[in-house]
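[1] what's the 3D shape of this:
(one chain, ligands or ions: 1)
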Amino acid sequence: MNPELQTVVGIDLGTTNSTIAVVQNGELVIIPVAGRPTMPSAVGIDPAGKLVIGQAAKNQSVSAPENTVLSIKRGMGTDRCVELGGKSYRPEEISALILGELKRAAEEHLGHPVSRAVITVPAFFNERQRLATQDAGRLAGLDVLRIINEPTAAALAYGAGQAGAGSKETLLVYDLGGGTFDVSVVRVEDGIVEVRASHGDIHLGGDDFDEALATLGEERFGAGKNDISAALPDAARRRLKGAMEKAKIELSDGPFASVREEYLTGTGHLETEIERREYERLIEPWLHKTLDCLQRALADAGVTAGELDKVMLVGGATRTPFVQSLLMEKLGIEPRHEIDPDLVVAMGAAIQGAALAGQPAPAILVDISAHTYSVLAVVGHGLFGEELGCCPVIRRGTALPVTKAELFTTAIDNQTTVKVEVFQGEGERPEENLRLGAMMVEGLSKVPAGNEIVVQFRIDLSGLLTATATEKRTGLVKSVTIDTAGQHRINLDTARGNLAALFEDHAPDRPRLVVLDPEDGDAESAETATVEESSILLASAKSLRGRAAKLLERGMAESDAAAVRASLAEIAPAIEARDWHALQDHLDALSDLLFYLED
Ligand code: AMP
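    Have a look, this model is predicted:
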């Protein structure tokens, strides 16, 4: 069949960024645009008079705002035209340029024309706004098969509707982007996904946080030796805002961010540091507003927080840990964020596109941390002295690989040593969790209590956790690596050595099993083993196969299931060939795999 007709792309046409995805050979693919997974929703005319779309347009938005159009989505469904290169354009026309650029990237990537698409819109878009989006698609040369709601797309990406008949789920989608916020209650029944209620604020998002940080920076700049009587000039203010956005993003993974902007005005430099707590206090009023919207959406849908089965995060600004912890506190349910919140809507649109093209829905595979990893610290003072608690650094459900850091402080004056103890588990108290290990950080400066220690955890794809502690004021570093998957596992090489020594020292008196070479039916082959050894191996094979079958039945990530099947496939030939050494190796490998999966 013609690949063009088989392909239906999914497009998230966003206020700040847009993304295009497709299901290709059963797999979900995010199509890169100019080498990046998302493209800024920006259009401009560059100094040479050329039309620029995407990153190039965003880049020039600071130096040439008058020749750049941003956030055109806000104007969709209105007659509000924008000026570009001395001419006036309707929002549909600007959106068509963005869609056209995405289409071009898809055609380049897929190697054939792309003419059919599913495009997402916010749940609150009215009919006019939806029609305007459809028209923008048409102008870009796309047959828009369906316009779907963004929260529906997010729910589809998280597997909603795949359970089929009889399944019922109530989901909450919390979407905090650069410039807009909305929260929706989504009901899934018998495979049908429907938005029950949606509330939001089309002027609330990460941009507000950047603005607030820029104001803070401006105050610090003014309060320093730089004598600015009024606000910063526009260009300097825009630069500062850009620097603050970077700092904000840093604060999602670490406890503080340093900002250094040289020559912000004439000879004036800005050098400052922002702590996460300080940033959280700054953005708290906006986040409380989002929680009010959430409450209204729940009320409109007639649902209580306790009835929610899943909470899903969408939009770049939901990477802010404070957003996640506030939601957890409010709803009592851990929000899901393992699928990239910038890509999840386009993924859902592509899944819908594949369904319309008659293709099976792909499963989205992501590696996530199965546990929370924390550091033991003093969390308060009770009747009996200091209370110790586990302070999370990496939370359960975070996509891997990941690096996160938190700030801790020394508890007493002139404390030159701290013990960093690492725990795994969701409990707040250490006795509820598994202690993974500890390291001593020695040689700290003799200073009053409150000396800052940055503890950073990194977990790679194979589950290795590297904990690093750094004394902030001196940069003194100490680090240790812990195998989170294999904490209490036996070292197989050591165990094999022990058993071999046992057999040597206490050789049992038993008959040897003679294996006939199947080729010539002749004498002893190299693969001999005692009858007992071989029957132990066969029993162990039977038990491992049983465990594997149970696990496969229970379901697991497709990549894990494939690994188990591959491992199982090696066992039968080894038994058939009576190759006991090979069988032992294959059983060890399967046992390792099951140990990890059964955990
Ligand atoms: P979106 O509109 O979904 O593309 O979201 C863009 C917003 O997310 C912008 O305000 C970004 O600054 C913000 N953002 C992106 N990454 C992060 C991060 N790691 N932490 C906090 N905000 C982020």
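
[2] To what extent is residue 450 buried, counted in neighbours?
    Summarising burial for residue 450: neighbours were counted as other CB atoms under 10 Å, giving 11. Placement of C-beta: from N, CA and C, glycine included.

[3] you'd agree it is up against residue 409?
    Yes. Counting by CB atoms under 8 Å, residue 450 does reach residue 409; the two are 4.8 Å apart.

[4] low-confidence ranges in the stretch 151-300 of the chain?
    For the stretch 151-300 of the chain, applying pLDDT under 70 flags the ranges 164-165, 224-230.

[5] should've said the chain
    Scanning the chain for pLDDT under 70 picks out 1, 4-5, 164-165, 224-230, 383-384, 483-493, 496-497, 503-535, 576, 599.

[6] between residue 450 and residue 409, what contacts are shared?
    The contact sets of residue 450 and residue 409 do not overlap (CB atoms under 8 Å, 6 or more residues apart in numbering).

[7] give the contact list for the residue of the stretch 101-250 of the chain found nearest the ligand.
    Nearest residue of the stretch 101-250 of the chain to the ligand: residue 206, at 2.0 Å (CB to the nearest ligand atom). Contacts for residue 206 were tallied using CB under 8 Å, 6+ apart; they are 176, 177, 178, 179, 245, 248, 315, 316, 317.

[8] change it to 7 Å
    For residue 206, the contacting residues are 177, 178, 316, 317, by CB atoms under 7 Å, 6 or more residues apart in numbering.

[9] Could you confirm whether stretch 264-279 reaches the ligand?
    No. Stretch 264-279 does not reach the ligand (CB under 6 Å from any ligand atom); its nearest approach is 9.9 Å.

[10] And for stretch 2-14?
    Yes. Judged by CB under 6 Å from any ligand atom, stretch 2-14 and the ligand are in contact via residue 14.

[11] Tell me the residues of this structure that contact the ligand?
    14-17, 177-178, 205-207, 245, 248-249, 252, 315-317, 319-320, 342.

[12] circling back: got the phi/psi numbers for the residue of the stretch 101-250 of the chain closest to the ligand?
    Main-chain dihedrals, residue 206, degrees, to the nearest 10: phi -60, psi -30.

[13] cool, and residue 595?
    phi -60, psi -50.

[14] quick one on the thing from earlier: nearest to residue 362 among the contacts of residue 206?
    Closest approach to residue 362 among the contacts of residue 206 (CB to CB): residue 316, at 23.8 Å.

[15] That closest one: what's it in contact with?
    With CB under 7 Å, 6+ apart, residue 316 has these contacts: 177, 178, 206, 341, 342.

[16] What segments of the stretch 251-400 of the chain are helices?
    276-301, 321-331, 344-356 (DSSP state H, counting those that start in this stretch).

[17] Where does the stretch 401-550 of the chain get nearest to the ligand, residue-wise?
    Distance from the ligand to each residue of the stretch 401-550 of the chain (CB to the nearest ligand atom) is smallest for residue 404, at 11.0 Å.

[18] Distance of that residue relative to residue 268?
    34 Å (CB to CB, to the nearest Å).

[19] what's the answer for residue 558, then?
    Per CB to CB, residue 558 is found 56 Å from residue 268.

[20] okay, the two: which has more neighbours?
    Each of residue 558 and residue 268 has its neighbours counted (other CB under 10 Å); residue 268 has more, 18 against 11.

[21] Need the nearest residue in space to residue 262, chain neighbours excluded.
    residue 269 (4.9 Å; CB to CB, 6 or more residues apart in numbering).

[22] go on, residue 177?
    Distance criterion CB to CB, 6+ apart; nearest residue to residue 177, sequence neighbours excluded, is residue 315 at 3.9 Å.

[23] How about residue 46?
    residue 52 (4.9 Å).

[24] So which residues make contact with the host helix or strand of the one you found?
    According to DSSP states H and E, residue 52 maps onto strand 51-53. With contacts defined as CB under 7 Å, 6+ apart, strand 51-53 is touched by 43, 44, 45, 46, 60, 97, 98, 101.

[25] Name every strand pairing with that strand and say which way it goes.
    Partners of strand 51-53 in the sheet, by DSSP bridges, are strand 43-45 (antiparallel).

[26] ok, residues contacting the strand it pairs with?
    Contact with strand 43-45 is made by 51-53, 57, 60-61, 64, 67-69, 84-85, 94, 97-98, as judged by CB under 7 Å, 6+ apart.

[27] Now intersect those residues with the strands, please.
    Using DSSP state E, 51, 52, 53, 68, 69, 84 are the members of the contacts of strand 43-45 that sit in strands.

[28] List only buried entries from the residues you listed.
    Taking 16 or more other CB atoms under 10 Å as the criterion, what is buried in those is 52, 53, 68, 69, 84.

[29] Return the set of residues that bridge with the third one.
    So that's residue 68. Going by DSSP bridges, residue 68 forms beta bridges with residue 44.

[30] repeat for the second one
    Note on residue 53: beta-bridge partners by DSSP bridges are residue 43.

[31] do you know how far the closest residue to residue 23 other than its chain neighbours is from the ligand?
    Once flanking residues are discounted, residue 23 sits nearest to residue 354: 3.7 Å by CB to CB, 6+ apart. Distance, residue 354 to the ligand, by CB to the nearest ligand atom, to the nearest Å: 23 Å.
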